[in-house]
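Visitor: heads up, no residue letters with this:
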């Protein structure tokens, strides 16, 4: 893509918001108002708290979730994951090669001009051949030896990250995430994505943060009670998978192939 074309193009942006969350919607529309680069489409979030048991069963594989995370899911987590899947569905119905997904608590951490310049360069770096996602917010575990520079920012391959308030995604990654008929993960399970062939990158310093993570507004993932599943009750293949993943990460961290990123209030330090 020519630089002149990049300047003229916009980024299709799906903005997730609960219909009744008017204040959050007004706040995020003010936040994004100056970003002419963003072609924003509001996506009504799925409210997991209002779903019937039958609706949950038809759209979400609760048992697989329990085996994967050794606990029951929160209704807010179910709604969050389904909301992101709706964004992927709309994205794949379009002709766009990539999309920006935002949640309604997103806050951009740099001035409009700088943010848009970085976003344009990041979209140019998104793979057209492989499944690829770039998170703009908190990373947890990353590959320090696998990076490239964009101005004063570094983009690293990420093993695990936290939150889905802002990320870029290409068509192949969206297709892969929708390839299962019923979701069984939290929306920000980047370990799952990596294990299923989606390359996850993250930008440092962070370009965006969640206002709820920064304690500026309340979270909408309600802390309803959850039940832990004793590890001994896990099917063997899930128990083995979890054990092997932990050992694998431990070895990579020990040999410094992976590194931890420090986390402050809503962003990496």
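Guide: Yep, it's here. Just so it is clear, the structure is predicted and the values come from calculations on it, not from any experiment. Numbering: from 1, shown residues only.
Visitor: For the stretch 51-200 of the chain, give me the ranges with low pLDDT.
Guide: Scanning the stretch 51-200 of the chain for pLDDT under 70 picks out nothing.
Visitor: Break down it into its helices, ranges please.
Guide: 53-59, 62-69, 75-93, 112-125, 171-177, 190-195 (DSSP state H, counting those that start in this stretch).
Visitor: Distance from the chain centre to the shortest one, please.
Guide: It stands for helix 190-195. Centre-to-centre, helix 190-195 and its host chain are 11 Å apart (CA atoms, centre = their mean, to the nearest Å).
Visitor: do the first one as well
Guide: On the basis of CA atoms, centre = their mean, helix 53-59 is displaced by 23 Å from the centre of the chain it belongs to.
Visitor: Can you list the neighbours in contact with it?
Guide: 48, 51, 62, 78, 82, 182, 183 (CB atoms under 8 Å, 6 or more residues apart in numbering). Quick note: C-beta positions are derived from backbone N, CA and C, even for glycine.
Visitor: Could you pull out the buried residues of it?
Guide: 56, 59 (16 or more other CB atoms under 10 Å).
Visitor: one step back: which one of the helices of the stretch 51-200 of the chain lies closest to residue 201?
Guide: helix 112-125 (8.0 Å; CB to CB).
Visitor: Save the helices of the stretch 51-200 of the chain as TSV, and put in distance to residue 235 too.
Guide: What follows is the helices of the stretch 51-200 of the chain, written out as TSV (distance: least, CB to CB, whole Å):
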stretch	distance to residue 235
helix 53-59	19
helix 62-69	6
helix 75-93	21
helix 112-125	39
helix 171-177	23
helix 190-195	17
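Visitor: Between those helices, which one is closest to residue 32.
Guide: Checking those against residue 32 by CB to CB gives helix 112-125 as the closest, at 9.6 Å.
Visitor: other SSEs contacting that closest one?
Guide: With contacts taken as 3 or more CB pairs under 8 Å, 6 or more residues apart in numbering; DSSP states H and E, helix 112-125 sits against helix 3-8, strand 139-150, strand 153-161, strand 166-170.
Visitor: Mean neighbour count, those: which tops it?
Guide: Each of the helices and strands packed on helix 112-125 was scored by mean neighbour count; the highest is strand 166-170, a mean of 25, by mean count of other CB atoms under 10 Å.
Visitor: which other residues reach that one?
Guide: Contacts of strand 166-170 (CB under 8 Å, 6+ apart): 11, 88, 91, 97-103, 106, 108, 119, 122-123, 126-128, 131-137, 207-208.
Visitor: what about burial for these, which qualify?
Guide: Here, 16+ other CB under 10 Å leaves 11, 88, 91, 98-103, 106, 108, 119, 122-123, 126, 131-137, 207-208 buried among the contacts of strand 166-170.
Visitor: Just the ones in strands from the residues you listed, please.
Guide: Using DSSP state E, the subset of these located in strands is 11, 98-103, 106, 108, 132-135, 208.
Visitor: strand partners of the helix or strand where residue 41 lies, parallel vs antiparallel please.
Guide: Using DSSP states H and E, residue 41 sits within strand 38-44. Strand 38-44 pairs in its sheet with strand 11-17 (parallel), by DSSP bridges.
Visitor: and the strand it pairs with, average pLDDT?
Guide: In this model, strand 11-17 has an average pLDDT of 99.
Visitor: relative to its centroid, which residue of the protein is most remote?
Guide: In terms of distance from the mean C-alpha position of the chain, residue 232 ranks first, at 30.6 Å (CA atoms, centre = their mean).
Visitor: Alright, calling it a day.
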